[in-house]
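Q: Mind folding the following:
(2 chains)
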Amino acid sequence: MEAGKRKTEEEQQTLVDRKRKAEISEPPTTTTTVTMNAVETLVTQIQGLSGSPNDVVALHAHLNKVDEALRGESARLLPFLDQIDPSIHSLGYLYLLDACTSGPVSKELAANLVLITSRFITSCSTEQIRLAPEKFTGMCKRFKDQVLLIEAPMRGVAPLLVAVRKVQPSSEHLTSLHPDFLQLCLLAKCYKTGLSLLEDDIFEVTQPRDLFLYCYYGGMICIGQKHFQKALELLHNVVTAPMTSINAIAVEAYKKYALVSLIDNGQFSPGLPKYASSSAQRNLKNFCQQPYIELANTYSTGKIAELETFVQKHREKFESDNNLGLVKQVVSSMYKRNIQRLTQTYLTLSLQDIANTVQLNSAKEAEMHVLQMIQDGEIFATINQKDGMVRFLEDPEQYKSSGVIERIDSSIQRLMTLSKKLTNMDEQMSCDSLYLAKAGRERQRFDFDDFDSVPQKFNM
Amino acid sequence: MASSSSSGLTFKLHPLVMVNISDHYTRVKSQMNPPVTSTSCSNTNGNGNGEGGDSAAVKAPAPPPRVYGCVIGVQRGRTVEIFNSFELLYDSATDSLDRAFLLKKQELYKKVFPNFYVLGWYSTGSDAEESDMHIHKALMDINESPVYVLLNPAINHAQKDLPVTIYESEMHVIDGIPQLIFVNSSYTIETVEAERISVDHVAHLKPSDGGSAATQCKFLCPLAAHLTSIHSAIKMLNSRIRVLHHYLVAMQKGEIPYENSLLRQVSSLLRRLPAIESEKFQDDFLMEYSDTLLITYLAMFTNCSSTMNELVEKFNTAYDRHSRRGGRTAFI
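A: Numbering: from 1, shown residues only, chains lettered A, B, ... in the order given. I've put the predicted structure just below:
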């Protein structure tokens, strides 16, 4: 368009010139194009209306109206960002930044945008952001894509953590940013930061997909940190979450769940508890039969050689699922399992005997294994190096100290709050219309005592 | 109005009557519009203004209502046993209870319980009033000496006894004029096994809510009663020690003159604890303490698990498309 071409030339000039020229040309009234003039008035509006909360709400309404138009001009909005301050004019900055990133983004532009966005996220004001949470979330997701585009996931970790905390209504809520943050942690291999987010208990979920991804990535992070217990919990959540039909995340999680269960518990039962959805109960096993459930069966025989041949045979399948590292850990956990079994039979045993029973190559290896296990607290024993004997001991913990009492006490408190929450949920569920409709149908047709007036069906 | 009765009658009250009166009162109170605010705070006069010191109310709440009704039962010799009750409407124009309805109800009850007679009437409030005497006199043609059962609906957690009083009327000479006045009578609670079970059931219907559960089942659940009494004892001990502490601090600061005898008593009190101080005692004590805590933990766990189990059942019934049906029908 001719007016458009004239504008691109004017971009070279100073701000003042631009303004003057724009005043001469006619301001378009259609919403499809926005002149530089309109953008500038918008900027001044943002600067003016970011003071009190009422003004911000008005600004928000106005920004919503011009949002579509702004997106059309995405390429040219970048210089305007310098005129407004992200900490005071957060809402306006958000909308402009969002419009900037809505179009396709090249690698160089991505690098620039990443810098701007991370600075914005760290300095923006929480109250203003909470007025437009979906926009903020969308922009953060695009930020994650840009970070991945420039192949520097590490740079996105800290800003996204701040973003998650800012957009969460409370620490019990799950937002769509949680799984993105965890994904970046995984890619950047900084598991500890991810762990800090996993400490919170989640009670409110809006999107089921968020929950699945959050627990799946969370499980992987815990595996990375060797917190197998917590990983098991999180993966269990994915597998037993309510789902009307099976999804790929649950299948992958089930595979990892089987492997972690073998490492941590030494056994794995393919059955799911009754609170898992019926579609999961019926279908998950079929997807994971070969080779994971068979791996669990081989593991339960206790023979290392068989296990290793099995793993070798299905090596490619494990590798394509990205689970080979985990499978190797399963194999090494077999040794531990066998040594632990020995503690139940023998009081003392020589290192050579241990090596023979557990099918290790030499007494030296056996000594290394036992030493590692003592250090990890998995068995209690003393090694007498003079005659190569290992003496198995009882757990010395007497549970008599005040530290133990404090732990139990705090657990009881936590359990009490949880119990209250559960009772509330139970009461809410009893009033749920779907439940009442179905529960009414299951009543007996006739009461023996009297033909009472309770309706056979609750017609809701 | 409350010297003790000299008529020599023994009164036996059944819990059903109390539950009936309480239910009547609660129903009327909750159906009133605007709703009455809770009477548990700053209500010295159960019948009086509910606006007390309650600044939280938006508009002045109505005073708690008075409900009226009739009690029926059996009189054998000197024993009066009050079995049941029914409700009556109070006609403020004639200042009496609805006579026609009362007679009709009496007839109906006679058919089912031929032994029962109208023994008197009941009402709610904190104290008997002058106007009650009119109603009392009006009933005298049915029963020469009616009883007046009064229930105090104000919830008082500190009170140990039942808030029910039974009044009789006696002729006393006051200021040279013989008058009928109300006199307090003692009574006992009497119950049949079937009644006890149903009243127990009703008392436990409300979802347990800390304080109210304790007061409700104080008479029906000995463990809760025991624990509540220990709790109140410890609370009292705590507050007394606090008072002493405050006193000592004030003495230390010099606000109160030194009093050596008191200080000697305090020091002897302090020397009484700890009773034993040895390693073995500490060990055993902590072990027993952690055992008890673990049992509580286990109990809480079981409680939580059962709630969760119910929640999962409901969820599966409501949302799972192919949940297992059958095998779970209402037990008759």
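Q: pLDDT wise, what is residue 319 at?
A: All of this is about chain A. Model confidence at residue A:319, given as pLDDT, is 84.
Q: Chain B is the one I meant
A: 80.
Q: and what of residue A:414?
A: Confidence for residue A:414, expressed as pLDDT, is 91.
Q: cool, and residue A:8?
A: Listed pLDDT for residue A:8 reads 46.
Q: go on, the one 4 residues further on?
A: Taken from the predicted model, the pLDDT recorded for residue A:12 is 44.
Q: helix, strand or coil for residue B:191?
A: With DSSP: H, G, I helix; E, B strand; the rest coil as the basis, residue B:191 sits in coil.
Q: Tell me the helices and strands packed up against the helix or strand where residue A:254 lies.
A: Per DSSP states H and E: residue A:254 is located in helix A:248-265. For helix A:248-265, the elements it packs on are helix A:208-224, helix A:228-240, helix A:278-288, helix A:294-301, helix A:324-345, judged by 3 or more Cβ pairs under 8 Å, 6 or more residues apart in numbering or on different chains; DSSP states H and E. The C-beta positions use only the backbone N, C-alpha and C, and glycine is treated the same way.
Q: And the ones you listed: which comes nearest chain B?
A: The closest of those to chain B is helix A:278-288. By Cβ to the nearest Cβ, the value is 4.8 Å.
Q: Pick out the residue of the stretch 51-200 of chain B closest to chain A.
A: Closest point on the stretch 51-200 of chain B to chain A, by Cβ to the nearest Cβ, is residue B:198, at 15.5 Å.
Q: Could you identify which of the helices and strands packed on helix A:248-265 is most buried?
A: Compared across those, helix A:208-224 shows the largest average neighbour count, a mean of 22 (mean count of other Cβ atoms under 10 Å in any protein chain shown).
Q: tell me the mean pLDDT over the helix or strand where the residue of the stretch 51-200 of chain B closest to chain A lies?
A: Applying DSSP H and E as the criterion places residue B:198 in helix B:193-203. The pLDDT scores in helix B:193-203 average 83.
Q: Now do the buried residues in it.
A: Within helix B:193-203, the residues scored as buried using 16 or more other Cβ atoms under 10 Å in any protein chain shown are B:199, B:203.
Q: packing partners for that helix?
A: When contacts are defined as 3+ Cβ pairs under 8 Å, 6+ apart, helix B:193-203 packs onto helix B:15-31.
Q: interface residues of the stretch 351-460 of chain A facing chain B?
A: Residues of the stretch 351-460 of chain A found near chain B (Cβ under 8 Å from any Cβ of the partner chain) are A:398-402, A:404-405, A:408-409, A:411-412, A:415-416, A:418-419, A:422-423, A:425-427, A:429-430, A:432, A:434-435, A:438-439, A:442-444, A:447-449.
Q: just the strands in the stretch 1-150 of chain B please.
A: B:10-13, B:68-76, B:79-88, B:90-91, B:96-97, B:117-124, B:147-151 (DSSP state E, counting those that start in this stretch).
Q: and the second one, which strands flank it?
A: Put plainly, it is strand B:68-76. With DSSP bridges as the test, strand B:68-76 is paired with strand B:79-88 (antiparallel), strand B:117-124 (antiparallel).
Q: Redo these as a markdown table? Include mean neighbour count and distance to residue A:320.
A: Output for the strands paired with strand B:68-76, formatted as a markdown table (neighbours: other Cβ atoms under 10 Å in any protein chain shown; distance: least, Cβ to Cβ, whole Å):
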| stretch | mean neighbour count | distance to residue A:320 |
| --- | --- | --- |
| strand B:79-88 | 20 | 78 |
| strand B:117-124 | 23 | 78 |
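Q: Out of those strands, flag the one nearest residue A:69.
A: Among those, strand B:117-124 comes nearest to residue A:69, with 69.7 Å by Cβ to Cβ.
Q: List of residues touching that closest one?
A: Strand B:117-124 has contacts (Cβ atoms under 8 Å, 6 or more residues apart in numbering or on different chains) with B:17, B:21, B:25, B:46, B:64-75, B:80, B:82, B:85, B:88, B:97, B:102, B:106, B:132, B:135-136, B:139, B:142-143, B:146-153.
Q: Run through the strands of the stretch 151-300 of chain B in chain order.
A: B:164-174, B:177-185, B:187-189.
Q: whoops, chain A was the one
A: Remark: strands assigned in chain A by DSSP state E are A:173-174, A:204-205, A:348-350, A:381-384, A:389-392.
Q: Residues of the stretch 151-300 of chain B that sit close to chain A?
A: B:207, B:283, B:286, B:287, B:289, B:290, B:293, B:294, B:296, B:297, B:300.
Q: Find the pair from those with maximum spatial separation.
A: Greatest spatial distance in these: B:207 and B:283, 41.5 Å, computed using Cβ to Cβ.
Q: and the strands paired with strand B:68-76 as JSON lines, adding mean pLDDT and distance to residue A:196?
A: Converted to JSON lines, the strands paired with strand B:68-76 look like this (pLDDT from 0 to 100; distance: least, Cβ to Cβ, whole Å):
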{"stretch": "strand B:79-88", "mean pLDDT": "91", "distance to residue A:196": "63"}
{"stretch": "strand B:117-124", "mean pLDDT": "90", "distance to residue A:196": "59"}
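Q: Next, format these as a markdown table and append distance to residue A:391.
A: Below are these laid out as a markdown table (distance: least, Cβ to Cβ, whole Å):
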| stretch | distance to residue A:391 |
| --- | --- |
| strand B:79-88 | 77 |
| strand B:117-124 | 77 |
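Q: Looking at those, which is nearest to residue A:183?
A: Comparing the strands paired with strand B:68-76 by Cβ to Cβ, strand B:117-124 comes nearest, at 65.7 Å.
Q: Check the offset of the closest one from the chain's centre.
A: Counting by Cα atoms, centre = their mean, to the nearest Å, strand B:117-124 is centred 19 Å from the centre of its parent chain.
Q: Pull that strand out as PDB, backbone CA atoms only.
A: Presented in PDB, the C-alpha positions along strand B:117-124 are these (Å, rounded to 0.1, in the frame of the first residue of the first chain):
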ATOM      1  CA  TYR B 117     -52.100 -37.800  79.700                       C
ATOM      2  CA  VAL B 118     -51.400 -34.200  79.100                       C
ATOM      3  CA  LEU B 119     -48.900 -33.500  81.900                       C
ATOM      4  CA  GLY B 120     -48.100 -29.900  81.200                       C
ATOM      5  CA  TRP B 121     -46.400 -27.600  78.600                       C
ATOM      6  CA  TYR B 122     -43.000 -26.500  77.400                       C
ATOM      7  CA  SER B 123     -41.300 -23.400  76.100                       C
ATOM      8  CA  THR B 124     -37.900 -22.000  75.400                       C
END
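Q: give the contact list for the residue in the stretch 151-300 of chain A that chain B sits nearest to.
A: Closest residue of the stretch 151-300 of chain A to chain B, Cβ to the nearest Cβ: residue A:275 (4.3 Å). Residue A:275 is in contact with A:240, B:312, B:315, B:316, counting by Cβ under 8 Å, 6+ apart.
Q: let's go with 10 Å and repeat that
A: A:240, A:241, A:242, B:308, B:309, B:311, B:312, B:313, B:315, B:316, B:320 (Cβ atoms under 10 Å, 6 or more residues apart in numbering or on different chains).
Q: Around the second one, count how many other residues there are.
A: Neighbour count of residue A:241, defined by other Cβ atoms under 10 Å in any protein chain shown: 20.
Q: So it is in contact with residue A:280, correct?
A: Yes: judged on Cβ atoms under 10 Å, residue A:241 makes contact with residue A:280 at a distance of 8.2 Å.
Q: Give the residues shared as contacts by these two.
A: Common neighbours of residue A:241 and residue A:280 (Cβ under 10 Å, 6+ apart) are A:247, A:250.
Q: Not counting residues beside it along the chain, what's closest to residue A:421?
A: Distances taken as Cβ to Cβ, 6 or more residues apart in numbering or on different chains place residue A:203 nearest to residue A:421, at 7.0 Å, with adjacent residues excluded.
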